[in-house]
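[1] sequence and predicted structure below; questions after.
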Amino acid sequence: MLSADLDVLHDVHKRIEAVSKFRSHENFDDLAISFKRVVNIIPDGYTAKSVDTELLQMEAEKKLWEQFSETAKKVTPIKLAREYGRVLEIIPELKPHIDKFFDDVLVMAKEENLRENRLNLLCSIASLYSTIADFKKLGGIAEK
């Protein structure tokens, strides 16, 4: 049991180390801003479900889903290898697609199925970010 706890502590240390290094990186602000945009619109207590790709209507939401899916596939083995710094180099590639999504898509659509599907998409993205750290709690630009 002790070895499992030490493994968890080692993992936490690797995450802290990666985030500490990344905070001075030019992409940190982009990552923090994107994460904040994503999580701020998700209602407290919202229970995410899987994304129904048949309900993706707007080009920007289709593209965001496509880019998210590619990014998730790319970073999953890197996260499993606990190379969190590399993950933090890749995730900001979603920022232009997140920005386009928020510019072009009404997340809180009147149609409940569209609204929930869009929130599910954002929850998927938030989950990808939060597996490394909660950027909303890191301070700096993320607090603005």
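    Happy to help now that I have it. This is a predicted model, so every value here is computed, not measured.
[2] where does this protein have low pLDDT?
    For the chain, the stretches with pLDDT under 70 are 1-7, 135-144.
[3] can you do 50?
    Scanning the chain for pLDDT under 50 picks out 1-4, 141-144.
[4] that one: helices as residue ranges?
    With helices called from DSSP state H, the chain shows them at 2-22, 28-41, 59-80, 84-90, 95-104, 112-130.
[5] list of residues touching the fifth one?
    Think helix 95-104. 30-31, 33-34, 37-38, 58-61, 63-64, 67-68, 125 (CB atoms under 8 Å, 6 or more residues apart in numbering). In short, each C-beta sits where N, CA and C put it, glycine included.
[6] now which of those residues would you call buried?
    Buried members of the contacts of helix 95-104, counted by 16 or more other CB atoms under 10 Å: 30-31, 33-34, 37-38, 58, 60-61, 63-64, 67-68, 125.
[7] of those, closest to S20?
    Nearest to S20 among the buried ones among the contacts of helix 95-104: L31, at 13.8 Å, using CB to CB.
[8] since that was my last question, I'll sign off now.
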